[in-house]
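# take a look and give me a structure for this.
(one chain, ligands or ions: 1)
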Amino acid sequence: MILAIDGPAASGKGTLGKRLAAHYRLRHLDTGLLYRAVARAMLDGGYSLDDVPRAVAAARQLDPARFDEQALKTHALGGAASVVSAIPQVREALFALQRSFAAAPPGAVLDGRDIGTVICPDADVKIVVTAAPEVRARRRAAEMRAAGTTVDERDILADILRRDERDSNRPVAPLVAAADAILLDTTCLDIEAAVSAAIAIVERARR
Ligand code: DC
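Down below sits the predicted model:
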């Protein structure tokens, strides 16, 4: 079984992806980490984020087995990842890795922006997770405060809106719901309620 989970920044799709993978005993790939790792390599190397040949080379050299998830999950790297992810050649360089991850038995949960539309158009179940931008900003700010960072929720909201705009309007593989995706709005749901709702969607789709 392949589950495709797409959604905007801080919608909770990563947590949902992890929980669904554990529930159905599937492997899980947070595809945002791939773009974050490319951005990280560019920044570490002192390269501009729009240097296409360098970004493609970084994408080809990724080794997901060596990712430090916590270091890649920062708010700032999310913005940089959004910039490199708009480069079509970077997306192309990461395509086969994602496809073969999904295809290996017993199946997988992939979360990202283009899973249901481009990476796994034949996924068994496609969920698009959404939440009001203000709620996403509040959740992200709370996470950052819990990690000891001082944050202004208005700045986080502005970053999230900028990222939504870039990820949804780029010409290649924008964040759009596949025609057969089911929307899950988590604005008024806590994580447990969101997980239950997602499992109910999967069960309905499998019947
Ligand atoms: O899911 P995330 O917030 O960690 O993703 C970081 C950025 O990477 C996001 O703003 C856009 C990009 N991304 C993408 O273009 N396609 C994906 N499948 C996953 C992430």
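
# all helices of the protein, in order?
Assigned by DSSP state H, the helices in the chain fall at 13-24, 32-44, 52-60, 69-72, 75-84, 88-103, 133-146, 153-169, 191-206.

# most neighbours per residue, which of those helices?
Per residue and on average, the most neighbours among the helices of the chain fall to helix 32-44, with a mean of 22 (mean count of other C-beta atoms under 10 Å). (Glycine included, C-beta is placed from N, CA and C.)

# chain neighbours aside, what residue packs nearest to the residue nearest the centre of the chain?
Geometric centre of the chain, nearest residue: residue 112, 3.1 Å, by C-alpha atoms, centre = their mean. The shortest distance from residue 112 to any non-neighbouring residue, by C-beta to C-beta, 6 or more residues apart in numbering, is to residue 31 (3.6 Å).

# residue 14 versus the one you found, what's the distance?
Distance of residue 31 to residue 14, computed by C-beta to C-beta, to the nearest Å: 10 Å.

# which ones are touching residue 133?
157, 160-161, 164 (C-beta atoms under 8 Å, 6 or more residues apart in numbering).

# need the residues of the protein near the ligand, please.
9, 31-32, 35-36, 78, 81-82, 85, 112-114, 163, 167 (C-beta under 6 Å from any ligand atom).

# dump those residues to TSV, plus distance to residue 49 and pLDDT.
What follows is these, written out as TSV (distance: C-beta to C-beta, whole Å; pLDDT from 0 to 100):
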residue	distance to residue 49	pLDDT
9	17	92
31	18	98
32	16	97
35	11	98
36	12	97
78	13	94
81	9	97
82	10	95
85	10	97
112	19	97
113	17	97
114	19	97
163	14	95
167	15	94
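
# and those, which two are the farthest apart?
Pairwise distances across the residues of the chain next to the ligand (C-beta to C-beta) peak at 16.2 Å, for the pair 78 and 114.

# low-confidence ranges, this protein, go.
Scanning the chain for pLDDT under 70 picks out no residues.

# at 90 what do you get?
75-76, 143, 147, 149, 206-207 (pLDDT under 90).

# ok, the residues of the chain next to the ligand vs residue 64, which is closest?
residue 31 (9.8 Å).

# so who does that closest one touch?
94, 98, 110-113, 115, 119.

# save those as a markdown table, and put in distance to residue 197 too.
Formatted as a markdown table, the contacts of residue 31 follow (distance: C-beta to C-beta, whole Å):
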| residue | distance to residue 197 |
| --- | --- |
| 94 | 29 |
| 98 | 25 |
| 110 | 19 |
| 111 | 16 |
| 112 | 20 |
| 113 | 21 |
| 115 | 18 |
| 119 | 23 |
